[in-house]
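Q: After the sequence you'll find the predicted model.
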Amino acid sequence: MENAKTKSAVPLPVDIAKLSFEDALDELEKLVKQLENGKAKLDDAIGAYERGALLKRHCESKLREAQAKIEQISVGSDGKVSTTPFNS
C-alpha cells in the first residue's frame, strides 16, 4: 500500500507541471464538474479522477511555494534565524 510520501515522490506529468496555479485549478474544477455529472464511462471517470488528483497535488505545491515566498525571515538577538508569516 502506497503512503502519501510515495505518491508525492512520483513526478508530475510535464503538461501538469507547466501549468500555472490558476490554469491547474480551472482544469481541476472542470474535471470535478464532469465527474459530478456522472455521464462519463467508467474508464474515463477513473482517468479524470487520477488527473484530478495530480492537478490537486500541483495546486497544493504552488500554494506552498507562494506561502514560502511571503514569509518574513527574522534574525533574533541570539543570531537564530526564524520565519514568520508576512502578515503578522
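A: Sure, I can see it. This one's a predicted model, so the numbers in the text were calculated from it and none came from an experiment.

Q: The longest helix along the chain: how far from the chain's middle?
A: Of all segments of type helix in the chain, defined using DSSP state H, the longest is helix 42-69. Its chain's C-alpha centre and that of helix 42-69 lie 5 Å apart, by C-alpha atoms, centre = their mean, to the nearest Å.

Q: what's the answer for stretch 28-41, then?
A: Its chain's C-alpha centre and that of stretch 28-41 lie 19 Å apart, by C-alpha atoms, centre = their mean.

Q: Contacts for that stretch next, please.
A: Defining contact as C-beta atoms under 8 Å, 6 or more residues apart in numbering, one finds that stretch 28-41 is touched by Ala45, Ala48, Tyr49, Arg51, Gly52, Leu55, Lys56, Cys59. (Glycine included, C-beta is placed from N, CA and C.)

Q: And that stretch, what's buried?
A: For stretch 28-41, the neighbour count (16 or more other C-beta atoms under 10 Å) marks Leu28, Leu31 as buried.

Q: average pLDDT across it?
A: For stretch 28-41, the mean pLDDT works out to 93.

Q: CA-only coordinates of that stretch, as PDB, when you get a sec.
A: The C-alpha trace of stretch 28-41 is given here as PDB (Å, rounded to 0.1, in the frame of the first residue of the first chain):
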ATOM      1  CA  LEU A  28      -9.500  20.600 -11.800                       C
ATOM      2  CA  GLU A  29     -12.800  22.400 -11.500                       C
ATOM      3  CA  LYS A  30     -13.900  21.200 -15.000                       C
ATOM      4  CA  LEU A  31     -12.900  17.600 -14.200                       C
ATOM      5  CA  VAL A  32     -14.900  17.800 -10.900                       C
ATOM      6  CA  LYS A  33     -18.000  19.000 -12.800                       C
ATOM      7  CA  GLN A  34     -17.600  16.200 -15.400                       C
ATOM      8  CA  LEU A  35     -17.400  13.600 -12.600                       C
ATOM      9  CA  GLU A  36     -20.300  15.100 -10.800                       C
ATOM     10  CA  ASN A  37     -22.300  14.900 -14.000                       C
ATOM     11  CA  GLY A  38     -21.900  11.100 -13.800                       C
ATOM     12  CA  LYS A  39     -22.300  10.500 -17.500                       C
ATOM     13  CA  ALA A  40     -18.700   9.600 -18.200                       C
ATOM     14  CA  LYS A  41     -17.700   6.000 -19.000                       C
END
